[in-house]
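Colleague: here is the input, now give the coordinates:
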Amino acid sequence: MRHFGAFLGVVLLGWAGVALGQGNLPPPVKTRAYAPNRLNAPSPKTMDEAVRLSPDTATAPAPAQTWYPAGQPAGLTAPAKAGPSAEPVVMSVRIGEHPDRTRFVIELSDPVKLRVFTLANPNRVVIDMPEVLWRLNGPQKPTSNGAIKSYRYGLFRPGNARFVIDLNMAVTAAEPLILPPSDGFGYRIVIDLFPVPQAKFEATAGWPADLKAVPNVARNVPLGPKNSARKVIVVDAGHGGIDSGTVGIDGMQEKDLVLDEAKRLGAVLKKRGYIVHLTRDTDIYIPLRERVNIARGYGADLFISLHADSNPNPDVTGASVYTLSEKGSDKEAAALAKKENQSDIIAGVDLTGQDDSVSHILIDLAQRDTMNRSSRFAETVVSKLSQATDILPRTPHRSGALVVLKAPDVPAVLVELGYLSNRQDCSQMHGDRWRNGVAKAIADAVDQNFDRLSAGQVSSGRSNAAE
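Modeller: Alright, predicted model coming up:
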């Protein structure tokens, strides 16, 4: 009988693993995290360790935040792994929507340390883990009937991958259950989200101490006199990593399009003798203010931020160029500024104590001079782009309170390459001919801008940093 009981326990555990993998396991939730060190580590023997947790008894990590597995040193280091790549692989995500909870299941090739915390305004659940490889093929989307409205994933900073779950309601996140491989599934991280009152959610939501007000990516570029007469151009590929930006009608992601275009533009500018720096050259997220700091740190003579637009009206088409202003040029410009300025919230960046107002820099004379030079460059970009692609027929040069253009001493423009919501625009953006043509057109605008400066029509009057 004892042997039969053991056999039955193994069968039940296998059944539970399959159900968890599908996101459909009934209520039992483990009260502590279990994470075997490798494939040969012992598995839980039975489901007797599991208990039922109600929304009142489920516990979310305290603001100090705990790394799971519990009891191990905090950090993002994944277990050592043999093979050509050391990164674990995220293979699937599944969502189970139940009457009393919503279950979020992440399947990985290897166990990882992770940390779960919640953020308010807007309500979100954040899951941090070491850098991973993403192999999600059409990940499951929520139905919006449960607690999960949507979710994003990607590289948040070097060594740190992140899920950000947008919520339909306030929740408490139960301590993760981590199951070892079984029945064709890899390691599974199971997180149950229980509805709670908003006041209770806000009482436990907050940033871990080590993430508070810490820049996403440290860039210590010294300011000082430039040791080269060559002009410095900083090209910014918008979004990235966990923030995909706009998704086209055919699935193309804005972050991928603009990264490729930034590399092409950078290559053309380098061939023409400019010193070029990219704010990012891989699929990683850079906070908006960090992008500004990068441009200032390199003593940029120009800052060019590349994006792609969207519009509820699929017939809207064409490229446009934005410069900084206190007030948007129209309602659409204001809406775009609001969307782009939400990028840090989308990625889960701590904005505590940061002033979003642009008015305090707009009154500075240096800022106004910079804005004037930005506007002149924007007009040149519009003129050159019109020779390479369709231009928004109505006021292609626009203005808005865009955070990424806030450097007070660096002329800056934001180029919307076209509308991913328009079938024609989206289709042509896939082509090498279009991408190379647009890169050349923007580079031509840069040339014309500095030809005008060298002719003495506009004085720069600013120092630059070392290369």
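
Colleague: rounded mean pLDDT for stretch 131-146, please.
Modeller: Per-residue pLDDT values across stretch 131-146 average out to 81.

Colleague: quick check: end-to-end length of that stretch?
Modeller: 28 Å (C-alpha to C-alpha, to the nearest Å).

Colleague: i'd like the first residue to be 20 from this point on
Modeller: Taking 20 as the first residue, the last one we looked at is stretch 150-165.

Colleague: what residues are up against Gly285?
Modeller: By C-beta atoms under 8 Å, 6 or more residues apart in numbering, the residues touching Gly285 are Ile252, Val254, Val295, Leu297. (C-beta placed from N, C-alpha, C; glycine too.)

Colleague: in the helix or strand encompassing Lys274, which residues are buried?
Modeller: Using DSSP states H and E, Lys274 maps to helix 273-290. Of all the residues in helix 273-290, those buried under the rule 16 or more other C-beta atoms under 10 Å are 273-285, 287-288.

Colleague: mind checking how far the residue lying closest to Asp334 once chain neighbours are set aside is from Leu411?
Modeller: Setting aside the residues directly before and after it, Asp334 is nearest to Asn441 in space (C-beta to C-beta, 6 or more residues apart in numbering), at 7.0 Å. Summarising the geometry, the distance separating Asn441 from Leu411, computed by C-beta to C-beta, to the nearest Å, is 11 Å.

Colleague: list the residues that contact both of those two?
Modeller: With contacts taken as C-beta under 8 Å, 6+ apart, the residues that reach both Asn441 and Leu411 are Val335, Thr336.

Colleague: show me what the longest helix along the chain is packed up against.
Modeller: In the chain, ranked by residue count with DSSP state H as the criterion, the top helix is helix 451-473. Where contact means 3 or more C-beta pairs under 8 Å, 6 or more residues apart in numbering; DSSP states H and E, helix 451-473 is packed against helix 273-290, strand 321-328, helix 384-404.

Colleague: what's the mean pLDDT across the helix holding Lys274?
Modeller: 96.

Colleague: next, the angle from it to helix 451-473.
Modeller: Going by axes from the mean of the first three to the mean of the last three C-alpha atoms, to 10 degrees, helix 273-290 is angled at 50 degrees with respect to helix 451-473.

Colleague: tell me the first helix or strand C-terminal of helix 273-290.
Modeller: Next in sequence after helix 273-290, counting helices and strands by DSSP H and E, comes strand 294-297.

Colleague: for the next helix or strand along the chain from that following strand, C-alpha coordinates in CSV please.
Modeller: For strand 294-297, the succeeding helix or strand toward the C-terminus, using DSSP H and E, is helix 307-316. The C-alpha atoms that make up helix 307-316 are tabulated as CSV, following Å, rounded to 0.1, in the frame of the first residue of the first chain:
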residue,chain,number,x,y,z
LEU,A,307,13.8,58.8,-22.3
ARG,A,308,16.0,61.1,-20.1
GLU,A,309,18.9,58.8,-20.5
ARG,A,310,18.7,59.3,-24.3
VAL,A,311,18.8,63.1,-23.7
ASN,A,312,21.8,62.6,-21.4
ILE,A,313,23.6,60.5,-24.0
ALA,A,314,23.3,63.3,-26.5
ARG,A,315,24.5,65.9,-24.1
GLY,A,316,27.3,63.7,-22.8
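
Colleague: sorry, back to before: wait, which of the buried residues of helix 273-290 is closest to Val457?
Modeller: When the buried residues of helix 273-290 are ranked by distance to Val457 (C-beta to C-beta), Glu280 comes first, at 6.6 Å.

Colleague: I figured that closest one hits Ala256, correct?
Modeller: Yes: because the distance of 7.4 Å satisfies C-beta atoms under 8 Å, Glu280 is recorded as touching Ala256.

Colleague: which residues are common contacts for the two?
Modeller: Common neighbours of Glu280 and Ala256 (C-beta under 8 Å, 6+ apart) are Leu325.

Colleague: and the pLDDT at Ala407?
Modeller: The score at Ala407 is 95. That number is its pLDDT.

Colleague: name the helix or strand for it, please.
Modeller: Here Ala407, judged by DSSP H and E, is contained in no helix and no strand.

Colleague: could you list the low-pLDDT ranges of the protein?
Modeller: By pLDDT under 70, the low-scoring segments of the chain are 20-104, 157-158, 231-247, 345-386, 472-486.

Colleague: could you list the domains of it?
Modeller: In terms of domains, the chain is parsed into 38-58+69-227, 251-473 (source: automatic domain parsing).

Colleague: hey, which of these is tucked in deepest?
Modeller: Among the domains of the chain, ranked by average contacts under mean count of other C-beta atoms under 10 Å, first place goes to domain 251-473 (a mean of 20).

Colleague: what's the closest of the helices and strands packed on helix 451-473 to Phe213?
Modeller: Nearest to Phe213 among those is helix 273-290 (32.9 Å), distances taken as C-beta to C-beta.

Colleague: what angle do the closest one and strand 321-328 make?
Modeller: Following the same axes, to 10 degrees, one obtains 150 degrees for the angle between helix 273-290 and strand 321-328.

Colleague: using CSV, list the CA coordinates for helix 273-290.
Modeller: Backbone C-alpha positions of helix 273-290 (Å, rounded to 0.1, in the frame of the first residue of the first chain) are rendered in CSV as follows:
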residue,chain,number,x,y,z
GLU,A,273,8.4,49.8,-34.4
LYS,A,274,11.5,49.1,-32.2
ASP,A,275,12.9,46.7,-34.9
LEU,A,276,12.2,49.0,-37.8
VAL,A,277,13.8,52.1,-36.2
LEU,A,278,16.9,50.2,-34.9
ASP,A,279,17.6,48.9,-38.4
GLU,A,280,17.1,52.4,-39.8
ALA,A,281,19.3,54.0,-37.1
LYS,A,282,22.1,51.6,-38.1
ARG,A,283,21.7,52.4,-41.8
LEU,A,284,21.7,56.2,-41.1
GLY,A,285,24.7,55.9,-38.8
ALA,A,286,26.6,54.0,-41.5
VAL,A,287,25.9,56.7,-44.1
LEU,A,288,26.8,59.5,-41.8
LYS,A,289,30.1,57.8,-40.8
LYS,A,290,31.1,57.4,-44.5
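
Colleague: can you pull the contacts of Ser339?
Modeller: With contacts defined as C-beta under 8 Å, 6+ apart, Ser339 is in contact with Asp328, Val401, Ile410, Leu411, Thr414, Pro415, His416, Arg417, Val434, Glu435.

Colleague: does the fourth one touch Gly337 like I think?
Modeller: It stands for Leu411. Yes: taking C-beta under 8 Å as the definition, Leu411 is a contact partner of Gly337 at 3.7 Å.

Colleague: now Tyr172: how far from Asn312?
Modeller: Tyr172 sits at a distance of 26 Å from Asn312 (criterion: C-beta to C-beta).
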